[in-house]
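Asks: coords below, sequence missing:
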């Protein structure tokens with residue numbers, strides 16, 4: 001079963017083509033990483049998969065349904081999107097922010113039901129922010145803010161989660177914490193797609209990777225098959241050495257001479 005599938009996607013920004021004949025799939029229970037150099041098209045692909053950027057050709061389907069034929073509310077019930085920007089422009093309490101994730105499930109002007117309250121509590125518990133519920137978003141650290149925004153996304157009970165550089169700017173502890181949360185949600189059946197620059201995290205956590213370069217998918221598959229020394233040298237211009245530490249795969253990177 002495929003939760004999200006893209007076929008032959010082409011996307012233009014202005015007069016420039018930024019995605020070329022891209023195919024992509026993610027299944028329930030998978031944590032899939034999108035990797036590649038800056039400007040490779042990762043964010044554009046993620047936004048297209050979320051229905052936020054329209055392709056000039058190709059298709060995106062969710063559980064067999066044309067993603068672009070779904071009403072925005074239907075799409076928001078099925079798919080959650082975490083943007084790179086973690087800005088929250090109002091000093092909302094964390095619990096109030098998380099509750100906004102239920103908006104796609106509420107009729108206009110309807111009050112939240114006990115089922116909505118339960119979904120909010122589940123999301124806050126999963127993201128370890130119950131102790132922050134009364135705190136203003138403006139008072140949170142970067143890691144706390146990232147977890148709160150993830151809780152808002154999960155409160156919608158989506159079947160697909162798309163996250164654009166969710167660990168960027170976080171210290172190593174919070175990077176690992178966020179990736180543990182994504183892995184846990186995938187283990188619970190969610191289809192998760194994350195854009196990553198940290199190849200060590202991609203190697204450790206992702207079930208599959210899509211490597212992008214200049215708007216094209218140049219490799220896809222299990223991390224150990226995608227992240228080869230030869231391919232990283234060709235795409236990133238780096239020298240990579242691989243090994244294991246405490247049973248976990250690790251990679252050491254240097255600029256190629």
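Replies: Perfect, thanks for sending it. Just so it is clear, the model here is predicted, and its values are computed rather than measured.
Asks: list phi and psi for residue 73.
Replies: Backbone torsions for residue 73, taken as degrees, to the nearest 10, come to phi -70, psi -40.
Asks: state the distance from it to residue 23.
Replies: Using CB to CB, to the nearest Å, residue 73 is found at 28 Å from residue 23. Quick note: C-beta positions are derived from backbone N, CA and C, even for glycine.
Asks: residue 34 falls within a strand, correct?
Replies: Yes. Using DSSP: H, G, I helix; E, B strand; the rest coil, the assignment for residue 34 is a strand.
Asks: all helices of the protein, in order?
Replies: All helices of the chain, identified by DSSP state H, fall at 42-49, 72-78, 94-99, 114-126, 142-155, 172-187, 199-205, 223-226, 229-236.
Asks: of these, which approaches residue 213 most closely?
Replies: Closest to residue 213 of these, according to CB to CB: helix 229-236, at 5.1 Å.
Asks: now do the contacts for residue 138.
Replies: 88, 91 (CB atoms under 8 Å, 6 or more residues apart in numbering).
Asks: does residue 97 really touch residue 148, like I thought?
Replies: Yes. Counting by CB atoms under 8 Å, residue 97 touches residue 148, with 5.9 Å between them.
Asks: more neighbours, those two?
Replies: Between residue 97 and residue 148, counting by other CB atoms under 10 Å, residue 148 is the more crowded of the two (26 against 22).
Asks: residue 120 reaches residue 101, doesn't it?
Replies: Yes. If you go by CB under 8 Å, residue 120 and residue 101 touch, sitting 7.3 Å apart.
Asks: what's the overlap in contacts for the two?
Replies: Residues touching both residue 120 and residue 101 by CB under 8 Å, 6+ apart: residue 155.
Asks: which one of the helices of the chain lies nearest to residue 211?
Replies: helix 223-226 (5.3 Å).
Asks: chain center to that closest one: distance?
Replies: Distance, stretch centre to chain centre, for helix 223-226: 19 Å (CA atoms, centre = their mean, to the nearest Å).
Asks: same thing with stretch 128-148?
Replies: The answer for stretch 128-148 is 19 Å, by CA atoms, centre = their mean.
Asks: check stretch 23-37 too.
Replies: With CA atoms, centre = their mean, you get 9 Å for stretch 23-37.
Asks: so who does residue 36 touch?
Replies: Residue 36 sits next to 42, 211, 212, 213, 235 when contact means CB under 8 Å, 6+ apart.
Asks: out of the residues you listed, flag the one nearest to residue 190.
Replies: Nearest to residue 190 among the contacts of residue 36: residue 42, at 20.0 Å, using CB to CB.
Asks: now do that closest one, the pLDDT please.
Replies: Model confidence at residue 42, expressed as pLDDT, equals 96.
Asks: wait, it touches residue 35, no?
Replies: Yes. Between residue 42 and residue 35 there is a contact at 7.4 Å, judged by CB under 8 Å.
Asks: looking at the two, which is more packed in?
Replies: More crowded of residue 42 and residue 35, by other CB under 10 Å: residue 35, with 28 against 23.
Asks: how many residues are close by the closest residue in space to residue 135 that isn't next to it in sequence?
Replies: Spatially, and ignoring its direct neighbours in sequence, residue 135 is nearest to residue 94 (5.4 Å; CB to CB, 6 or more residues apart in numbering). For residue 94, the neighbour count with other CB under 10 Å is 28.
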